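Undergrad: dropping a prediction and its sequence here:
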Amino acid sequence: MKKFITVLHFLIIFNIYADIELTPEELEGKKKFMTHCSDCHKLEGVLVGPSLVEIAHVYKDDKRGIITWAMRPGNKRADTLPMPPMLHVGKENLLKITNYIFAVTEGKEYKTSKKNEMFCTALVALMVFYYFYRKKLKKRMPKLQ
Ligand code: HEC
């Protein structure tokens, strides 16, 4: 129990610290993000729309492209709903949200689903290999039995 509480304390302190690292403007961007975008977007993993890590990856060379998109979104991804326009949020707030997105995703690498697919295929191949060769392996390495 003591260990659990220590870990909890550590997590809380770390969480507060994570927020301190944001500039006041980025913090405001976070608030706006929570109001207007967080129903459909989260840091990592798809919610309704793509993750912030994916968004930061798509727009890394065109940060303001996020604002243009949010004012007039298209329908890029076949497997999601179209995103509703965010005109009511206003350009200034969208800029703050954009800065927040890049601050919070800094250093996080976007893993394409292709990389994940390759990893899963390799894992399955390894399991199949083990299944068929385990008898031979056991003969060679009796300690495994
Ligand atoms: C009702 C749900 C919803 C809300 C709210 C929402 N989005 Fe989205 N967003 C989506 C979906 C769904 C997509 C994927 C659309 C597609 O690719 O066809 C998306 C995609 C995006 C993309 C990726 C565009 C690209 O070129 O790949 C950006 C950037 C984005 N949203 C920004 C925002 C911002 C900023 C806000 C808040 C102001 C916001 N979204 C609020 C649902 C939402």
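TA: Received the coordinates, thanks. Numbering: from 1, shown residues only.
Undergrad: so residue 26 touches residue 103, yeah?
TA: Yes: counting by C-beta atoms under 8 Å, residue 26 touches residue 103, with 4.6 Å between them. For the C-beta atoms, the positions are set from N, CA and C on the backbone; glycine is no exception.
Undergrad: how about the residues of the chain near the ligand?
TA: Residues of the chain found near the ligand (C-beta under 6 Å from any ligand atom) are 36-37, 39-41, 48-50, 55, 58, 66, 69-70, 75-77, 80-84, 86, 89, 97.
Undergrad: domain parsing of the chain, as residue ranges.
TA: Domain segmentation of the chain under automatic domain parsing yields 2-110, 112-145.
Undergrad: got a list of what the residue nearest to the spatial centre of the chain touches?
TA: The chain has residue 44 as the residue nearest its centroid, 1.7 Å off, counting by C-alpha atoms, centre = their mean. The neighbours of residue 44, taking C-beta atoms under 8 Å, 6 or more residues apart in numbering as the test, are 51-53, 108.
Undergrad: picking that back up, worst mean pLDDT among the domains of the chain?
TA: Between the domains of the chain, the one with the least mean pLDDT is domain 112-145; it has a mean of 79.
Undergrad: before we move on, the earlier item: return the most buried member of the domains of the chain.
TA: domain 2-110 (a mean of 14; mean count of other C-beta atoms under 10 Å).
Undergrad: now it, how far from the centre of its chain.
TA: 9 Å (C-alpha atoms, centre = their mean, to the nearest Å).
Undergrad: hmm, back to that, now the contacts of residue 44 as CSV including secondary structure?
TA: As requested, these are exported to CSV (DSSP: H, G, I helix; E, B strand; the rest coil):
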residue, secondary structure
51, coil
52, helix
53, helix
108, coil
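Undergrad: which one's the longest helix in this structure?
TA: helix 113-140 (DSSP state H).
Undergrad: please enumerate the helices of the chain.
TA: Going by DSSP H, the chain shows helices at 2-20, 24-36, 52-58, 65-71, 91-104, 113-140.
Undergrad: got the angle between the second one and helix 91-104?
TA: It refers to helix 24-36. With axes from the mean of the first three to the mean of the last three C-alpha atoms, to 10 degrees as the basis, helix 24-36 and helix 91-104 are set at 110 degrees to each other.
Undergrad: that'll do, ta.
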